[in-house]
Structure formats: structure tokens, C-alpha cells
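Undergrad: Using only what follows, build the 3D model:
(2 chains)
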Amino acid sequence: MGTPISSQGLNIILPVGISFYTFQTLSYTIDVYKRKLEPTKDFIVFTAFVSFFPQLVAGPIERATNLLPQFYTKRTFDYNKAVDGLKQILWGLFKKIVIADNSAKIANEIFNNSADYSGSTLVLGAIFFTFQIYGDFSGYSDIAIGTSRLFGFNLKQNFAFPYFSRDIAEFWRRWHISLSTWFRDYLYIPLGGSRGGTWMKVRNTFIIFIVSGFWHGANWTFIVWGALNALYFMPLLLLNKNRSNTNIVAQDKYLPSIKEFFQIGFTFSLTVLAWVFFRAENIEHAFNYLNTIFSKSFFTFPQFVGVRDALITLILIFSFIIIEWIGRREQFAISKLGVRWKSPIRYVIYYSIIFAIFWFMGEEQQFIYFQF
Amino acid sequence: MEHFLKKVGVFFLILVIFVTVLSFILIPLIKKSNYYKIESDITDIYIGDSHIRQAVVDSLLSNSQNIALDSESLYFTYYRLKKIFESENDIETVYLGFSYHTLSDYYDDYIYGEFSNSTSPKYFFLLPFSEQKKMLYLNRKNNYVKGLIKNVYKPILNNSKFGGYSNVFMNTKSIKSSMDKRINLQYYTENKINQFSQINLLYLEKIINLSIINNFKLIIVNTPLDSYYKAKIPIEYIDKYDSVISKYDLPLIDFCNITFDENQFIPDGDHLSKEGALKMTKELINLQKQNVAF
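TA: Below you'll find the predicted structure:
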């Protein structure tokens, strides 16, 4: 637009959640324009759709075609849906309080003092941030979706176990699904999508990822994060392998194959590196961070304040990964956990999760995505 | 819906009953536990904050125990010592970590300020009722119960020690940028020099009185500082420190007078690395052997 972007950002006070409900209401406007949806004449229903409290502040960004009709249908109390909703809220709280907040303590210590630490420590910092942002954001989504279920509303899944992805394309089909599908349907496809030759595909893909980065904030770090993901995506796009892994990993097996295991590990490593840009204060910080990672100090033993807390958090993350892996076929990890067992045993599981939430509850950390 | 609400009600009722019963069992356990006590053959204890905690390797000292704890201000040290001396012990000497930063009112945040929730639960059961009420009120928005569970019930159940030597820093050295950050944190707020902590000064006096009542020798320990760091401490703090020491005529071991290499500190120049701790402990042993009258 010819306006230079300040590296400091705009420093404007904005209402919380504006990025989310703006896109949500845009989906209504665009779908009405494209005649996918009849415009509503009911002002109350429309405002309820825009301001639906469980997902107002940090998504999932709901489509008018999905959520609006639900306000018209009479909802009766559904016991199973309500129980499922409560379980999803519980799991969301676990992800946020136990995984995200505990990872945040260590990630913040390392990122805020990255000049003082070795490459191996900075790798740990990046990994902890990777789980912080996942636990934080997907935890919030679970709470939002679970709460909606209590009221009889069905919201779309927003995270489908993205860290088990076998390639970056699969990752982007599983991470912040409501935003990535929004960009696909309202930006990528209108731009031409995959039609119009290779150059158009590449151009449109870069636009999507950079705009996605920009959506997070007017900071070069988000834009570089978006561009980096676009670069990751390019080989798959150009080789037409971006739809290779559309099923659930190890669908009918307990464990992934060796090939799948390495694919997951490689994709995970790429996303960890990209998250460094997302978390860094500025581009210089991010590059210094990565420079230190890829230096000789990578081969030293990690050392930082709070090693014991880090070990405990790593154990929690490992347990969390196991539970997520077992539940990877469901909407959320504990959806079907213990359904065939007697209720006292199920109660013990739920009490254990509640106990873990209280036991590992640390200093309150604000939801990361509240700032977007 | 009624069935659902009933089930949810029963679910949470079971939990509440369980927690209530557990609390009633645990409170007497806390009072009887050895968590706050000192072993019987200990004659010298080292107490204070992270500076002492990382600096004194008590396993090299005979009949000694380092019971220092991170972020412990003199307010908390006083109540710990009071508790320790309520029961029989063989303690003859208390080495108290008291340095320039201890005078700064940034420490008050760990008592009555924004970091109270992270420190005060550990000491909750040592505080008098009036102070307990104050802490509960100050931290009413911080879910104090979880702090108590984490910092009191959990360590007691794990048979942990309250404080003690801990130092994980190897192959480190003081770094100017980290030292600048640290100086700024401890001595300045928005570029203005911090006020002195009246709470710490008050409780230092209370500790001195406690030493007289309980007949133990109180020795002040000023832990080593990197020379760059020391040069950056505001002169007001140096003068105040000297005046406090002389006002109470306190025996002092000042490790700032002994040269420590930059690789004997951690980046903040204010805490010792493992190597530094070994050196300081050996110096301490030499001083004790020489029977220096502090």
C-alpha cells in the first residue's frame, strides 16, 4: 500500500480478540455475497453469532455457514455432549496450565537471557516454546469448544495433533485449522489457488503464509515466520506432494513406522526452528538465537536457572505426548479415554488430571493468542 | 439436565471431601515434621538467599549445614531462625548472608509485593497468625492454596530439606551485559536508585536480638562480587552497608576483599559458579582454622 511498516508495530490499543471476530464476521459478509448463505434478518442471532463468548477472544474462527444456523435450531440438553464438553474443557485446562504455563517459565527464562546461554540450552528453549504455544492455543480452543458443547453448539476442531505431522503440508492442515482454512477459502482460492501454473501457485502460497504471519502482528518476526513456513512448503508444492499424508499417522497401528517416526521428527524440527522467529523480540534477536544454536556451544550440556523445573516439565510433556498419541484419532486426546471402564476408574482418571492441574499450576501466564 | 447436574455435583463433592480430610491430616504433620528443624550434630548453619545458597559447599565443612534458600529476605530468615531455636539444637554459630543487595527495597516485593506468592508460601507455617492473615489477604487473587501445596505439603511429603547448597553452574563466567541487567534489577527502578528496605533492616535487628536471646554467635557473610559489578553498586549502598555493620558491631566476613576470577561467577557477576563456591568454601575453612575473630 506504499506505507512503510514500522518495526516497532503500531502501538495502538486494540480490543481483545479483534483479529478473530473480524475474520468471523468477514466470513459472514463474504458467504452472503457469494450466496453460500442467506443473510439473516434476525439481529439478535447475528450479534449472538459475532459475540459468541466461548470463542470470541481467541477463536476458533467459526464460519457463518456452520455456526449461524445453530442459533436458529432449538437445542435440547444432550447429556453425552455435555459430558464430552466437560472433558474437553478439562483437557484444555491441562494443556494450558500444566503444559503451556510450565513450558513458558523456562522458555521465557531462556529467550529473555539468550545471550547468556549455550546453543544446546537455546534448543531446549525453542522446544519449550513449541509446547508452550501448542498447549496455550490448543488448550484455549479445547476450552472454547468444550464450553460451546455444554450449550449444545458444535464448533469445528481447531487443532488436530499437529506435532504428529509427517510433513509441513500436513502440519498446516492440523495447526490453527480455522485460520488456515479461512485463508485458503477467502484468499488463496480467490487469488487463483493452484490454477494458473506453477508461478501462480508459488505466488499465492507465499501470499497466504506471509499474510498469516502479518495477521499475528505488525512485526517483521511474524512475517519472516510466515515466509519461512512458505519456504518449507515449496518443495512439497512443486513436487505435488503436499497432499501425501492426509490420513492419521499410524492409523491402524499402535506406533509409527521408522519412516513415519523420522518424518515426524524432521517436521517437528522445522517447526521448532520457525517458532524461534515467532517468539523472538525482533529479527536480530532471532538470528542471534539461531546463530548460537548452530555454533559449537550446541555440543555442550544445557545449563540455565531452573534445570530441575525443566526436567519435571519435560516429563510432563513426554506424558502429554503419549496421551495425545493414544487419542490422536479423536477430536481431543481424552475424548474416548476410559469410556469402556467403570465410572470409579474414570473418576480416578479425571481426578488425576485435576490434581495434576493444581499440583503443576505455576505463575499465571496470559494466553499468547489474546494479544492477536 | 438434572441427572447431569447431580453427577457433576457428586463428582466435585467427592473431591472437596477428599481435600478437606487430607488437609486435616496434613496440618498436624507439618507441625510435627522435621522439615523446619536442623539435624542434632550441626553446630554451624549458613542461612540467607541464593547468594549463600550457591556459595557454601556444606559437605566440605564439618558439623555445618547450608540452609539458605533463593529469594529469602531477612524477614523470612528471622522466622526460620525463630522456629529452629524453638527446639533443642547444638547450633553455636549462624552465618547470615547479608550483602549490599539485601539493603535494596526490591526485596520487599518478595515479602509483600508482586512476588509474594512465589516465596511466602514456603514460610507460611513459620509466620505468626497476624502475618499469615496478611499473606492470605495480599495473595487473595493468587490462589495461595496451590502455593502452599507446592511449597509446603509437597516438600514435606517428599522428605525434602528446606533450602540447602545448590549450584548447577559450571564453565560459566561473568558477562558485562548480564551484570548491567542485574545491577539495574537490584538497585534501580526506572533509572532511580531504590530506597533501602526498611523491612530487611528491621528484621536484621530482630535477628541480632534473637542471637542474644538464644545465645548463638551471629556472623555476617558478604558473598563475593565481580569487580565490574561491585564498581557499579551505588555508593549509597556501600556506605549504608558499612554503617549498618558498624552500628551493630557485627562480625563480618567480607569476601569482596578477596579476588575471584570472572570464571568463578555466573554471568550476573553476583552469584558464584561451582568453581567459585569451592574457592569460597576453602577460604572459609582457612579462616575457621585460623580461628580468626570475626
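
Undergrad: So residue B:276 sits against residue B:258, correct?
TA: No - Residue B:276 is beyond contact range of residue B:258, at 10.8 Å (criterion: Cβ atoms under 8 Å). All C-beta atoms are positioned from the backbone trio N, CA, C, and that covers glycine.

Undergrad: out of these two, which sits in the busier spot?
TA: Neighbours per residue (other Cβ atoms under 10 Å in any protein chain shown) separate residue B:276 from residue B:258, with residue B:276 holding more: 27 against 11.

Undergrad: Helix or strand: which one has that one?
TA: Per DSSP states H and E: residue B:276 is located in helix B:274-289.

Undergrad: which bits of the stretch 51-200 of chain A sit near chain B?
TA: Contact residues (Cβ under 8 Å from any Cβ of the partner chain) of the stretch 51-200 of chain A with chain B: A:77, A:79, A:82-83, A:86, A:113, A:115-116.

Undergrad: What's the local residue count around the residue of the stretch 51-200 of chain B at minimum distance from chain A?
TA: Nearest residue of the stretch 51-200 of chain B to chain A: residue B:146, at 5.0 Å (Cβ to the nearest Cβ). Around residue B:146 there are 17 other residues, counting by other Cβ under 10 Å.

Undergrad: what's near enough to touch the most centrally placed residue in chain B?
TA: Centre of chain B computed as the mean C-alpha position; nearest residue by Cα atoms, centre = their mean is residue B:72, 2.6 Å away. Listed by Cβ atoms under 8 Å, 6 or more residues apart in numbering or on different chains, the contact partners of residue B:72 are B:47-49, B:80, B:119, B:163.

Undergrad: circling back to that earlier point, so who does the closest residue in space to the residue of the stretch 51-200 of chain B closest to chain A that isn't next to it in sequence touch?
TA: Excluding the flanking residues, the one nearest residue B:146 by Cβ to Cβ, 6 or more residues apart in numbering or on different chains is residue A:361, at 5.0 Å. Residue A:361 is in contact with A:97-98, A:101, B:143, B:146, B:150, counting by Cβ under 8 Å, 6+ apart.

Undergrad: and the helix or strand of chain B with the lowest mean pLDDT, what does it pack onto?
TA: Least confident helix or strand of chain B, by mean pLDDT, DSSP states H and E, is helix B:154-157 with a mean of 72. When contacts are defined as 3 or more Cβ pairs under 8 Å, 6 or more residues apart in numbering or on different chains; DSSP states H and E, helix B:154-157 sits against helix B:2-32.

Undergrad: can you give me how far the helix it packs on is from the chain middle?
TA: Relative to the centre of its chain, helix B:2-32 is centred 33 Å away, using Cα atoms, centre = their mean, to the nearest Å.

Undergrad: What's the first helix or strand after that helix?
TA: According to DSSP H and E, the helix or strand after helix B:2-32 is strand B:44-47.

Undergrad: any low-confidence regions in the stretch 101-250 of chain B?
TA: B:154 (pLDDT under 70).

Undergrad: and residue A:311, how many neighbours?
TA: Residue A:311 has 10 nearby residues by other Cβ under 10 Å.

Undergrad: just residue A:181 next, same as before
TA: What residue A:181 shows, counting by other Cβ under 10 Å, is a neighbour count of 18.

Undergrad: confidence score at it?
TA: You'll see residue A:181 listed with a pLDDT of 95.

Undergrad: Which helix or which strand is home to it?
TA: Assigned by DSSP H and E, residue A:181 falls in helix A:177-183.

Undergrad: Give the next helix or strand downstream of the top helix by length along chain A.
TA: Secondary structure of chain A per DSSP state H: the longest helix is helix A:119-150. The helix or strand immediately downstream of helix A:119-150 is helix A:168-174, counting by DSSP H and E.

Undergrad: Name the surrounding residues that touch that next one.
TA: A:159-162, A:164-165, A:180, A:229, A:232-233, A:236-237, A:241-246, A:267, A:270-271.

Undergrad: cutoff 7 Å now
TA: With contact meaning Cβ atoms under 7 Å, 6 or more residues apart in numbering or on different chains, helix A:168-174 is reached by A:159-162, A:165, A:180, A:229, A:232-233, A:236, A:242-243, A:245, A:267, A:270-271.

Undergrad: now for those, which pair is the farthest apart?
TA: A:159 and A:236 (20.7 Å; Cβ to Cβ).

Undergrad: Between the two, which is the more surrounded one?
TA: The neighbour comparison of residue A:159 against residue A:236 (other Cβ under 10 Å) goes to residue A:159, with 23 against 18.

Undergrad: ok, the more buried one - contacts?
TA: Per Cβ under 7 Å, 6+ apart, neighbours of residue A:159: A:138, A:141, A:174-175, A:177.

Undergrad: Which residue does the stretch 1-150 of chain B have closest to chain A?
TA: residue B:1 (4.5 Å).

Undergrad: Check which helices and strands the helix holding residue A:181 is in contact with.
TA: Under the contact criterion of 3 or more Cβ pairs under 7 Å, 6 or more residues apart in numbering or on different chains; DSSP states H and E, helix A:177-183 touches helix A:197-216.

Undergrad: send the alpha carbons of the helix or strand hosting residue A:47 over as PDB?
TA: Here residue A:47, judged by DSSP H and E, is contained in helix A:43-50. The C-alpha coordinates for helix A:43-50 follow below in PDB (Å, rounded to 0.1, in the frame of the first residue of the first chain):
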ATOM      1  CA  PHE A  43     -30.300  -9.000  14.600                       C
ATOM      2  CA  ILE A  44     -30.200 -11.000  17.900                       C
ATOM      3  CA  VAL A  45     -29.000 -14.100  16.200                       C
ATOM      4  CA  PHE A  46     -26.400 -12.200  14.200                       C
ATOM      5  CA  THR A  47     -25.000 -10.400  17.300                       C
ATOM      6  CA  ALA A  48     -25.000 -13.700  19.100                       C
ATOM      7  CA  PHE A  49     -23.000 -15.300  16.300                       C
ATOM      8  CA  VAL A  50     -20.500 -12.400  16.300                       C
END
